[in-house]
Structure formats: structure tokens, C-alpha cells
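*Asks:* Structure of the sequence below:
(one chain, ligands or ions: 1)
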Amino acid sequence: MIERIWAVMVALSSLPLASLGAQQASAGQPHLIVNADQGTTTISRDIYGQFSEHLGHDIYGGYWIKDGHGGWRYNEAAIDALKKLEVPFVRWPGGCFADYYHWQDGIGPRGERPTMVNTVWGGVTEDNSFGTDEYLELMRRLGASPFIVGNVGSGTVKEMSDWWEYVNHPGGSPMSDLRAKNGHPDAYNVRLWGVGNESWGCGGNMTPEYYADEFKRYATFLRAYGRTQPYLIASGPNVDDYNWTDVMMRDAGQMMRALDFHYYTVVGTWQHKGSATSFTEGEWFTALQKAIHIRELIERHSTIMDRYDPDKRVALFVGEWGMWHDVEPGTNPGFLYQQNTMRDALVASASLDIFNNHADRVRMASIAQTINVLQSMLLTHGDTIVETPTYWVFQMYTVHHDATLLPISLDAGRYTYGDQSIPAVSASASRDSLGVTHITMSNLDPNQAHTVTTDIRGEPVSSVSGRILTAATMQAHNTFDNPHAVEPKSFDGARLSGRTLTVQLPPKSIVVLTLK
Ligand code: AHR
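*Replies:* Below you'll find the model as predicted:
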């Protein structure tokens, strides 16, 4: 199907205008075909996953805040906001932190837990008050599935298999007895399990051959308990490390269910990434150009996976993605606290469209990270929260969760900057369980409106409604003083005539359309 989208796109872009049919507007104008009766692939809601690490104020100061009496409590405002995103899972406790974390330090009476120094992120001392039972209670409150990443880099097979037993054994084993002693007699049934993180780097600097053997050794001792079968996720490639994917699929593909691939959008260099809020159009362009490069990475990793796994049993999991900027001035460089503008929102929408359109292999993803870290959903001061533009993209895209992907052909037009150009429009479409079609469309061009002529094929439509996220400037963002600067509004720029939908996308905008 991927090949099909591209074949049609290439064909469309090389056809004379006259052959594109009466609906086609004019040269360079975007044109979308939605095959509304042809979906076969489900867009897994797990594409809309979250990643929350013991890093800066994601956990401590994010989800878990001081209660004013020397203890801690859950941040109900943050939890309420995240519930509106219908978060499918939260990957925890890292990230790099996962390969430093010893889970037994974070269970039992809080006052008796040892402290630890978070040497990976900021060098701060943590009191271990947020551990396994607190995380699993958070998942219950969010209605999200747990996803634990075990420690391979500095841990042992026994430590990981004990953790698995603690959360999953139904009762009558040493670890389930310990869980019961800590007030949790029932098994948590944690299915999603990462075996290390970035084992090519902060998780142990391993070669793929060495890690493949380690993965199999650890995986052997994570046994099904009761009704909980492990869904094992192996550390995957960094960016374009195709050799990692090849070796892992060859040597360990049979024992994994997903391969955890990481790709961040960095505008400058890793040393000087650039400001989140103060940037030029050139930096806007570069961000989007680099973000949509993930399409090529996904297709090339998927091609390798197809060789070993033509039935697509193993998912490509985009486990860490999003924009990585310089930290906000005056904040701890180890806390990765950054603001979030319309640019981040467009990076999110274009990336999510790419994931949707590759949903046959990309069945999981988790943006980095949920609260106060990197491209977050929320910024918090205690229980005062700010929803970022990226939050609103995730909220608008809930329509695609577990819906059937509709094949599209998109002639995206071009957004030109200097002597370079990228597609101006991004889109994906799905049909939900009630038979309602949704299309998400983004205009990556910050200057020009684009009119997208859309043919809806195969199903009748009689009405269209929509919502839009846009702002006057590329740098627009929400702050504690002005938390509603960037929020979705109702959209009246779509007109239906028969099966042709004409959508006027303002510059730098994201639209979700509902067709009935
Ligand atoms: O998300 C921040 C860090 O980026 C994660 O801890 C690590 O896995 C990646 O390198």
C-alpha cells in the first residue's frame, strides 16, 4: 500500500494537468484522493503513545507533585488533561534512565526507600517515592496501558525477571508475595515490556550482534504468567542505522514483537540546536524538512524488516520522536525543558500522518516526552497546567485511534524556501467504527494558503465539519500568562459539492475534518 501511495503520487505529479480531471484546480495546487471504501489496515491507537522518563520535571514536578505536607501526590490537573488525549500507553521509566534504574529501590514504604542520584539527567537526588506501584496506579488513573522498560545496561537477568514477576505473577511466588505485602495483591498484567533502551548508546554501547544475544537471554526469562503473555520490545535502530535493524531481525526477530526505533528532529547541531521560540523561516523549513525525513527512514527500516518478516508480525515502534531544541534560558540543561510552538505542532501532525499512512508496520509510537520535557503535551507549575500546541494536535488526532486507514493519493503541492522545497500539504484519512470518515490535513507553508481539492471515492458523503489549529505567527505558543493563544477552533473552510471537497488551508495550519 505504501508503494501504491507513492506510485500514484509520482504518477500524478508527472501527468499533464488536463489528465487530472475536472476537479483538479490549477498547476501546483494540492490534490487529494481518498479511497473511502478501500481500507484494510487499522491505525493502532498505540501510535499515539507517550513516553515519560525520570528526567527533569516529567515525573517529579509533573505527574507527581509535592502535597504541601512533606509528601507527594498525583497531579490531578495533568491527569485530567491527559485523559482527554485517550493516551494508549506510557513508556516508563526511560529512556537512558531505564538502564540505570533498580526497581527494588522504588517499592515498599516510601519513607524507607533509598535515595538515588539521577546521574543521567541533571544530577539531582530522587527519593524514589515514585516507583513501580505509583506508576501502575498512574496508568490506572489515566486509563492507559503500562509499558515498562527493564534495565539491561547495568542490571541483571534476575533483576528484570523479578520485576516481571512482581507485576505479573498471579500470587504465591516470592515477588507476588512482596507485591501483596506492599498493598497490591492483584497482578497488574503488564504486557508491554522493553528489554533495554538505546543499547547502541546510553544503554550499554553494544554492537547489534552482542545486544541480539543479550536480548534473547533476557527474553528467555520473561515467562507468561496467568493470562499475561509478554509483548517484548527490543532496542531498535538509531536514525538510519540499517545494519542494526538487519542484525536484530536476523538474529532475534523470532523472539520480539516490536523494534524500538528512535529519531529526533534537531534543527541545528546537537551542540547548538536552536531556540524553541525564537527562530527564522529557514529554521521552520529545516525543522519540517528533517521531520518528514522520517518517512524515508520508516520505509527503509520496514523494507529490511519485510525481508525477515513478510507477515509483519514484528512492529516498527517509533519509540522516541519529536523536536529537540535548546533548553529554555535559565533552566537546568539536564532537564530538557523547552517551549512548544506552531512549528512543533506541524512537526507533530506531519509525523503522525506519516505514521498513520505506514500503519501496517508502524503499530506503536511514543513522542518524547509527556510533561515539561522535550516536545511535551503539558507544561506545569504545580497543578497549574498549560496545554501545548502539540497537545492539541494529539487531541485532534484522537479520531484516528483504532480507525481503519483509508488509502490516499496526495499531490501535495510544494512549499519553497530559497532553492529548496518540501511538500506543502500533509494528510491522512481513516474511517471509524461508526462509519465516519476523518481526514487530517496540514499546511506546512507558513506564508501561502493552499486549496486542497479532494475527491472522496467509493462512499457517499453529505456533510463536512471541522476544527483548525493555527496562529498568526510561526512562533505562537501558550504560556502560563497566556495559556489559550494556540487552541483549536471550529473550521469553516471546507465546501462539499457532490463527492468533491474543497478545503482552504490557511498558512501554517492543521485541520481535522469529519465527513458523514
Ligand atoms: O528523551 C531523552 C533521551 O533521548 C532518552 O532518555 C534517550 O533514550 C534518548 O537518547
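
*Asks:* Do I have it right that residue 142 meets residue 83?
*Replies:* Yes: using CB atoms under 8 Å, residue 142 is in contact with residue 83, at 6.2 Å. For the C-beta atoms, the positions are set from N, CA and C on the backbone; glycine is no exception.

*Asks:* In terms of neighbours, single out the busier of these two.
*Replies:* With neighbours defined as other CB atoms under 10 Å, residue 142 and residue 83 compare such that residue 142 has more, 24 against 13.

*Asks:* Read off the pLDDT value for whichever residue of the stretch 51-200 of the chain sits closest to the ligand.
*Replies:* Nearest to the ligand, among the residues of the stretch 51-200 of the chain, is residue 95, at 2.8 Å (CB to the nearest ligand atom). The model reports residue 95 with a pLDDT of 98.

*Asks:* Now for it: which residues touch it?
*Replies:* Contact partners of residue 95, counting by CB atoms under 8 Å, 6 or more residues apart in numbering, are 51, 53, 54, 55, 120, 149, 197, 320, 368, 369.

*Asks:* any idea how far the helix or strand containing residue 214 is from the chain center?
*Replies:* Using DSSP states H and E, residue 214 falls within helix 208-220. In terms of CA atoms, centre = their mean, to the nearest Å, the centre of helix 208-220 is found 26 Å from the chain centre.

*Asks:* same check, this time on stretch 326-334
*Replies:* Its chain's average C-alpha position is 23 Å from that of stretch 326-334, according to CA atoms, centre = their mean.

*Asks:* How about residues contacting that stretch?
*Replies:* By CB under 8 Å, 6+ apart, stretch 326-334 touches 56, 121-124, 272-276, 335-339.

*Asks:* Among those, which ones are in helices?
*Replies:* Judged by DSSP state H, the subset of the contacts of stretch 326-334 located in helices is empty.

*Asks:* does the closest residue to the ligand within the stretch 201-350 of the chain sit in a helix, a strand or a coil?
*Replies:* Nearest residue of the stretch 201-350 of the chain to the ligand: residue 320, at 5.4 Å (CB to the nearest ligand atom). With DSSP: H, G, I helix; E, B strand; the rest coil as the basis, residue 320 sits in strand.

*Asks:* what is it paired to in the beta sheet?
*Replies:* residue 262 (DSSP bridges).

*Asks:* And it, how far from residue 52?
*Replies:* 12 Å (CB to CB, to the nearest Å).

*Asks:* Could you find the closest non-adjacent residue to residue 198?
*Replies:* residue 235 (6.1 Å; CB to CB, 6 or more residues apart in numbering).

*Asks:* Could you give the bridge partners of that neighbour?
*Replies:* Assessed by DSSP bridges, residue 235 has beta-bridge partners residue 260.

*Asks:* count of residues packed around whatever residue of the stretch 351-500 of the chain ends up closest to the ligand?
*Replies:* With CB to the nearest ligand atom as the measure, residue 368 is the residue of the stretch 351-500 of the chain nearest to the ligand, at 4.1 Å. Using other CB under 10 Å, residue 368 has 25 other residues around it.

*Asks:* Then residue 228?
*Replies:* By other CB under 10 Å, 19 other residues sit near residue 228.

*Asks:* now the one 10 residues further on
*Replies:* Residue crowding around residue 238 was assessed by other CB under 10 Å; the count is 15.

*Asks:* Going along the chain, name the helices of the stretch 201-350 of the chain.
*Replies:* Using DSSP state H, counting those that start in this stretch, the helices found in the stretch 201-350 of the chain span residues 208-220, 242-252, 281-292, 294-308, 342-357.

*Asks:* mind saving the C-alpha coords of the second one as CSV?
*Replies:* These are the backbone C-alpha positions of helix 242-252, laid out as CSV (Å, rounded to 0.1, in the frame of the first residue of the first chain):
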residue,chain,number,x,y,z
TYR,A,242,20.1,0.0,8.9
ASN,A,243,22.7,-2.6,10.0
TRP,A,244,21.2,-2.6,13.5
THR,A,245,17.7,-3.4,12.1
ASP,A,246,19.2,-6.1,9.8
VAL,A,247,21.1,-7.9,12.5
MET,A,248,18.3,-7.7,15.1
MET,A,249,15.7,-9.1,12.7
ARG,A,250,18.1,-11.8,11.5
ASP,A,251,19.3,-12.9,15.0
ALA,A,252,16.4,-12.1,17.3
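
*Asks:* before we move on, the earlier item: among the helices of the stretch 201-350 of the chain, which comes closest to residue 90?
*Replies:* The closest of the helices of the stretch 201-350 of the chain to residue 90 is helix 342-357. By CB to CB, the value is 17.2 Å.
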